[in-house]
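>>> Output the structure for:
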Amino acid sequence: MTAIKHALQRDIFTPNDERLLGIVNVCKAGKKKKNCFLCATVTTERPIQVKVVKVKKSDKGDFYKRQQTWELRDLTEVDAKDASKENPEFDLHFEKVYRWVASSAAEKNSFISCIWKLNQRYLRKKVEFVNVSSQLLEELPKAEESVPSGESQSVAGGDEDALDDYQELSTREEQDIESMMEMCEYAVSNAEGFAEQLSRELQVLDGANIQSIMASEKQVNILMQLLDEALGEVDTIEGKLSSYEEMLQSVKEQMDQISQSNRLIQISNTNNVKLLDEIQFLVNYMDLSKGHVRALQEGDLTSPKGIEACINASEALSQCMNVALRPGHEKLMAVTQQHLLFAELRDTFARRLTNHLNNVFVHQFNHFSHFKMTIPQFYRSSCLSLPGHDQSSTLSQHTAELSLPKHSPLHRDLLRYSKLMEWLKNTHREKYEGLSRTYVDYMSRLYEREIKDFFEVAKIKMAGTTKEAKGKFATLPRKESALKQETESLHGSSGKLTGSTSSLNKLTVQGSNSRRSQSSSLLDMGNMSASDLDVADRTKFDKIFEQVLSELEPLCLAEQDFISKFFKLQQHPAVMPPLAQPETEETDGGLQSKMPPQAEHRQSLSSEKDVVRLMMNKIFQSIETELNSLIALGDKIDSFNSLYMLVKMSHHVWTAENVDPASYLSTTLGNVLVTVKRNFDKCISAQIRQMEEVKISKKSKVGILLFVTGFEEFAELAETIFRNAERRGDLDKAYVKLIRAVFVNVEKVANESQKTPRDVVMMENFHHIFSTLSRLKISCLEAERREAKHKYTDHLQSYVINSLGQPLEKLNHFFEGVEARVAQGVREEEVSYQLAFNKQELRKVIKEYPGKEVKKGLDNLYKKVDKHLCEEESLLQVVWHSMQDEFIRQYKHFEDLIGRCYPGSGITMEFTIQDMLEYFSSIAQSH
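The predicted structure follows:
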């Protein structure tokens, strides 16, 4: 690098009066590596110009040439890319950005350092340096130490040191040197003589300086004397200032004493004012009136005025107890006594309030504990004589009408104490939780009895109100296993309530007269046949189930609203009352664990909605079980009841979720809806299973299959029930499953059929399916409707073609042979020369089928078709018309072959198309 630098200085920069200060070997970033040199130079003549020159080695010879030059004052920014890591890349921002990659990081650092020094000296810091180490901008980069000594010296050696030591001569210095050079013309030619002359002159000047210093000694002594006199005057002035300071100090002490007295007086006044404020504050906020004290101690908690006075007194007591005391107040004896008084009043009133509300709960609910009703006693006159209750609102009347007693009078009476309950909640948590425990305990027992009686009546109404049903369901068990036994006894094994004695797993086709009754028995997925379950029965079940849900919904909402208002669970997060937490009980979801009382007291919830819902779970813990039991009974009576229950339950769940998605009612009905949906899926699976297990008789014709008519009745019923339902998607999925099963099993039965041709079974059943889907217009089964039509058309055509091959059998075989010869390559006009297909053979075959014989064959064909087809679908005329069209088509085809293969022979059929039309018409009319 040193040799290159000397070569560049010699060949490029010296001829241009420039001096090379810094050099770096670079190539352009991102391109093919064509090396060049960036040089930092200054001119040797004034005004000095600093430049950055790009030098490139010539391709033709071993010399360098200047390629591009930039003025340093045009440089706006130097970007070193990374100040913390060694990186050979850097950017120079002139009129555009030039990106370079140096041969080493040390060369890049040396070049940037040189640019920085030139910028500091000549451009007054106009260039901005980015991502450059601060050490690099203060001194030569440390990276040079890692570079070999020769290279380092070549890159940033003597020239930069010379640059640092070089100082520009001033104008006066230049003029002096020029005048001295003019006086000594031989200075250039005889440097030694010029130096000796300068030495002599310097010695003369030194001697003159020494004489001048010695001459000024007298003046220095005079100056020293003047300074001593000045110091004496300064001492005199300092003495006077000290005396003045002593006088001022005495004045200052007197003023400090006066200021101290004024400050003490002001502090005393301030303390008196503050003391008065504190006393006034304590009197205003820590004093409870005698009326409030009397109300808390002996106020009447039964009358409206007494309750209002107790509410005001409790609020005043809370304000006094919750007043924000200032620091130090708690140390006052009066404040301590007031706190003790307030605490005593609080405990006394909390105890009085708790005892009174407990007595109210016991008084209101105690009568229910001795009241129990069995199902047969529908009209027993047992009135509730509790205060606040309507005497006519008896449980017996409610059960007879399938309605639940209303507790609004009780709620209205208790809501008078809601503000006192809020006070008790904020001041005495234990007593508040005790009241919550008492209320939940009484209400859970009350609602459990009422709900169970209500559901027992609903089950009896579902099973029927006949004497037999009442006798069997006088005391309906509540366990699911016992309910199953009672239901089976209700259905009976003697056949009184069943319409079919044959099992659905062994269905047989026994003729067209019994086909409809067997089809209706397919509707029954339980033990009772659909013949006993007409539309009125199902409508009655639908009304009963809707009435049950309609009674439960306002009951739950009213109780939840009362709990929120009475226990004040609406505004702030609260600790859950102990009895709001579930105990150990076996449910469908598993075994719930019972939490210890200590954990119950410490348990906290994130939302008061959760508190209300858990209290509701405790109070109405029997609703979900009873609903599932009722659903099981409805499913036992008729599995199609699951359709009604799915629609009704979905509607009530949707309504409850719109009101409050997290409410107890919404959660409970949602859980029950899962059970209903499961029963609905079982109903669909049972129908599909019965389709797969259907067997046909080998001795009678098949006709319309039982599960085809069963699907029709199911679809009609489902469309009626789901007309405006929210869960239409569940029905659509069931439709798809059922129709695919119907298609598969129709084809299966057709393949197994021995008495009835396969095409007839497929044609009749798919025609029935197509008619059903076209009539009901079920949008999700549109593709299946088109498929059914296609299958019906294909098998109709197949049956017609196969049947028509028999009336003109020999003629059919003859022309099939003719077509075979033509297909083998025999020309049509030469077919008549074939021995087996000559004109005589054709005339012989045609004579075998005169019009009378053809009519006789068609009559036999009609009778055969009539035996194959069933009466329900009425497809006989449709098939007969299709056969007529096919027969005419064959007739025209035969005539066309005679015209093409036997031209000019004059051979024609023994009957015409008009004759055929008369044959078909007369045969159809005669039957």
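>>> Kindly provide the distance from the residue most central in space within the chain to residue 569.
Central residue of the chain (C-alpha atoms, centre = their mean): residue 661, 16.0 Å from the mean position. Going from residue 661 to residue 569 by C-beta to C-beta, to the nearest Å gives 18 Å. All C-beta spots, glycine's among them, are computed from the backbone N, C-alpha and C.
>>> Ok, residue 674 next?
Per C-beta to C-beta, residue 674 is found 28 Å from residue 569.
>>> Comparing those two, which shows the higher neighbour count?
Taking other C-beta atoms under 10 Å, residue 674 and residue 569 do not tie; residue 569 has more neighbours (25 against 11).
>>> Who are the contact partners of that one?
By C-beta atoms under 8 Å, 6 or more residues apart in numbering, residue 569 lies in contact with 563, 608, 611-612.
>>> hmm, 6 Å instead?
608, 611-612 (C-beta atoms under 6 Å, 6 or more residues apart in numbering).
>>> Give me the subset of those residues lying in helices.
608, 611-612 (DSSP state H).
>>> Isn't residue 17 up against residue 41?
No - between residue 17 and residue 41 there is no contact under C-beta atoms under 6 Å: 10.1 Å.
>>> The two: who's more crowded?
More crowded of residue 17 and residue 41, by other C-beta under 10 Å: residue 41, with 24 against 9.
>>> what's around the closest residue in space to the more buried one that isn't next to it in sequence, how many residues?
Once flanking residues are discounted, residue 41 sits nearest to residue 18: 4.5 Å by C-beta to C-beta, 6 or more residues apart in numbering. Around residue 18 there are 20 other residues, counting by other C-beta under 10 Å.
>>> now swap in the one 10 residues further on and tell me
Neighbour count of residue 28, defined by other C-beta under 10 Å: 14.
>>> gap between it and residue 431?
Noted for residue 28: a distance of 89 Å to residue 431, by C-beta to C-beta.
>>> picking up where we left off before, with distance to residue 749, neighbour count and pLDDT added, can I get the ones in helices among the contacts of residue 569 in CSV?
Converted to CSV, the ones in helices among the contacts of residue 569 look like this (distance: C-beta to C-beta, whole Å; neighbours: other C-beta atoms under 10 Å; pLDDT from 0 to 100):
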residue, distance to residue 749, neighbour count, pLDDT
608, 62, 18, 73
611, 61, 24, 78
612, 58, 25, 82
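>>> Tell me the one of these nearest residue 657?
residue 612 (16.2 Å; C-beta to C-beta).
>>> A helix includes residue 729, no?
Yes - counting by DSSP: H, G, I helix; E, B strand; the rest coil, residue 729 falls inside a helix.
>>> Tell me the predicted confidence for it.
Listed pLDDT for residue 729 reads 88.
>>> Distance of it relative to residue 136?
Counting by C-beta to C-beta, the gap from residue 729 to residue 136 is 73 Å.
>>> Now residue 743. Its backbone dihedrals?
phi -60, psi -50 (degrees, to the nearest 10).
>>> Equivalent analysis for the one 4 residues further on, please.
Backbone torsions of residue 747, given as degrees, to the nearest 10, read phi -70, psi -40.
>>> quick one on the thing from earlier: is the residue nearest to the centre of the chain in a helix, a strand, or coil?
Under three-state DSSP, the three-state class of residue 661 is coil.
>>> Let's see the pLDDT reported for it.
pLDDT at residue 661 comes out at 78.
>>> Same question for residue 492.
35.
>>> same question, residue 444
Taking residue 444 on its own, its pLDDT is 89.
>>> From the rest of the structure, what touches the longest strand along the chain?
Assignment by DSSP state E gives strand 18-28 as the longest strand of the chain. With contacts defined as C-beta under 6 Å, 6+ apart, strand 18-28 is touched by 5, 8-9, 13, 33, 35, 37-44, 100-103, 107, 111, 114, 159, 163.
>>> Buried subset of those, written for PyMOL?
In PyMOL, this line selects whichever of these come out buried by 16 or more other C-beta atoms under 10 Å:
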select buried, resi 5+8+9+13+37+38+39+40+41+42+100+101+102+107+111+114+159+163
